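Colleague: just a sequence and a predicted model for now, questions to come.
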Amino acid sequence: MTRPAVMNDKPTIFLTAAEASGDSHGAGLVTVLNRRLPGARLVGAGGAKMAAAGCEILLDMTAQASMLHGPFLKLHYFHRCLRQLKRHMRDIAPDVVVPIDSPALNWHIAKAAKAIGALVMYYVAPQVWAWAPWRVRKLARLTDRVACILPFEQDYLRRRGVQARFVGHPMFDHLSPRPAELPDLQAASQSGRWCVALLPGSRPGEITAHAPAMTAAAEAITQRWPQARCTFTAPDETAAERIAAAAGLPRADIAVGRTAEVLAQCHFAVAASGTVTLEVAHYGVPMVIVYRVSRAGYSLVGRWLIRTPYLSLVNILAGRQITPELMPWFGNINQLVRATLDMMSDPDALARARRDLLDVTAPLERRPKPTAEAVADMIVELLARPGG
């Protein structure tokens, strides 16, 4: 089914975000769209941030995303939400559907949108270049535009028939500037007065998987350098409580909502793989990156689907290993401790890693406009083009 784009100032835009990060991205976009298209109806699935920005929330999946446990409960909940969203889309008949990240949900949303003749503007391109690359054909078929947040994705997708555009990474719209003078790596190496950040992730499973091993790494650091200070960071109080429980630490040893402040003072970090590694890189902090996976799951699925030589974002962006990554990592604590101590014991490697990390983030920091503005441009252009 196809339908021409609505050429008026009161389009209906249906947005779907299933996790906290998507809710944040969606909120920024909703704010801009309300200003650019004041007559538009913005409606869909999201969380408190999108609601506060002015989106009509029909279903909040973000509140449940970190609370469900067990595959059956998750699968049942997922299918129930998907049925509700499909029904809402049929009833509302939006002009444009904007799936935000979360490909497990949003592949289905894009397909349902196409079935009712809506235009699809996917925000945060699915990482088809990293695993199961044959999905790129589906991405081309199910979308009219795709907003990429990593620089190389635009050319990769365009060469494969996807109407893609690099819009910048939304995290860099909100990061505090780096200090004029970064912490002195040479002085820390000589004195042993290290400041080390421990970033185990924010989801319950990530915290459980990483916090105990990071605690062991912190103990090894302070045994070798007694004046070193190691600090866990948590995005909120809930995550802090989980870290304290998993790591067996006093609550006072965890910095809550102060990741940027901690990183600005740090010489080194041990980080769970994810977007936070770009934040670490922005502050020029050398790091070891780790992410725990199931050995059985990786053997059965991961090793056959992954098509990139590196799995951490900073190494992917660099096209080479600029910082150690333990991925896949099956939970060997000694492996993480050894990688951490080896890196911290090599001043030349630390200095080289800092330079490389700052180089990697430079293209993400230099862009003509904020990410949400660039995504809104794509939606406005799509609405103005007859037939999409």
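Modeller: Received the coordinates, thanks. Numbers count the residues shown, from 1 in each chain.
Colleague: so what does V43 have for phi and psi?
Modeller: Dihedral pair for V43: phi -150, psi 160, per degrees, to the nearest 10.
Colleague: not counting its neighbours along the chain, what's nearest it?
Modeller: Residue nearest to V43 in three dimensions, not counting chain neighbours: E56, with 4.2 Å by Cβ to Cβ, 6 or more residues apart in numbering. In short, each C-beta sits where N, CA and C put it, glycine included.
Colleague: likewise L105?
Modeller: Nearest residue to L105 in three dimensions, chain neighbours excluded: A18, at 4.8 Å (Cβ to Cβ, 6+ apart).
Colleague: am I right that that neighbour is in contact with A63?
Modeller: No. Contact criterion Cβ atoms under 8 Å: A18 and A63 do not qualify, at 10.7 Å.
Colleague: which one's more surrounded, the two?
Modeller: Ranked by neighbour count (other Cβ atoms under 10 Å), A18 and A63 place A18 first, with 28 against 11.
Colleague: all strands of this structure, in order?
Modeller: Along the chain, the stretches classed as strands by DSSP state E are 12-17, 41-45, 56-59, 96-100, 119-123, 145-148, 164-166, 195-199, 229-234, 254-256, 268-272, 287-292, 325-329.
Colleague: nearest to A180, out of the ones you listed?
Modeller: Comparison of the strands of the chain against A180 by Cβ to Cβ identifies strand 195-199 as nearest, at 17.4 Å.
Colleague: next, the angle strand 229-234 makes with that closest one.
Modeller: 30 degrees (axes from the mean of the first three to the mean of the last three Cα atoms, to 10 degrees).
Colleague: now the residue nearest to L42 when sequence neighbours are not counted: how far from A115?
Modeller: Distances taken as Cβ to Cβ, 6+ apart put C55 closest to L42, at 4.7 Å, once the chain neighbours are dropped. If you measure C55 against A115 using Cβ to Cβ, to the nearest Å, the figure is 23 Å.
Colleague: how about L33?
Modeller: Distance of L33 to A115, given as Cβ to Cβ: 24 Å.
Colleague: ok, these two, which is more surrounded?
Modeller: With neighbours defined as other Cβ under 10 Å, L33 and A115 compare such that L33 has more, 24 against 12.
Colleague: could you pull up the contacting residues of the more buried one?
Modeller: Counting by Cβ atoms under 8 Å, 6 or more residues apart in numbering, L33 makes contact with 13, 40, 42, 376, 379.
Colleague: will you turn those into a markdown table that also has pLDDT, distance to A217 and neighbour count?
Modeller: Output for these, formatted as a markdown table (pLDDT from 0 to 100; distance: Cβ to Cβ, whole Å; neighbours: other Cβ atoms under 10 Å):
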| residue | pLDDT | distance to A217 | neighbour count |
| --- | --- | --- | --- |
| I13 | 98 | 46 | 24 |
| A40 | 97 | 49 | 21 |
| L42 | 98 | 45 | 25 |
| A376 | 98 | 43 | 25 |
| I379 | 97 | 44 | 25 |
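Colleague: closest to H169 among those residues?
Modeller: Closest to H169, out of all of the contacts of L33 and judged by Cβ to Cβ, is A376, at 16.0 Å.
Colleague: shouldn't L313 be in contact with A271?
Modeller: No. Applying Cβ under 8 Å as the test, L313 and A271 come out as separate, 10.5 Å apart.
Colleague: looking at the two, which has the bigger crowd around it?
Modeller: Between L313 and A271, counting by other Cβ under 10 Å, A271 is the more crowded of the two (29 against 22).
Colleague: lowest-confidence helix or strand of the chain?
Modeller: Least confident helix or strand, the chain: helix 303-305 with a mean of 51, by mean pLDDT, DSSP states H and E.
Colleague: how about the residue nearest the centre of the chain, nearest residue that isn't a chain neighbour?
Modeller: The centroid of the chain falls nearest to T275 when counting by Cα atoms, centre = their mean (4.2 Å). Closest residue to T275 apart from its sequence neighbours, by Cβ to Cβ, 6+ apart: M171 at 6.0 Å.
Colleague: what about the one you found, neighbour count?
Modeller: By other Cβ under 10 Å, 18 other residues sit near M171.
Colleague: that one and G274 touch, don't they?
Modeller: No. Between M171 and G274 there is no contact under Cβ under 8 Å: 10.9 Å.
Colleague: circling back to that earlier point, take the contacts of L33 and lay them out in CSV including distance to G26.
Modeller: As requested, the contacts of L33 are exported to CSV (distance: Cβ to Cβ, whole Å):
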residue, distance to G26
I13, 11
A40, 14
L42, 9
A376, 12
I379, 12
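Colleague: contacting residues around H282?
Modeller: 172, 175, 178, 361, 365.
Colleague: the same query, at a cut-off of 10 Å, please.
Modeller: H282 makes contact with 171-172, 175-178, 260, 263-264, 357-358, 360-362, 364-365 under the criterion Cβ atoms under 10 Å, 6 or more residues apart in numbering.
Colleague: also R242?
Modeller: R242 sits in contact with 66, 200-208, 211, 234, 254, where contact means Cβ under 10 Å, 6+ apart.
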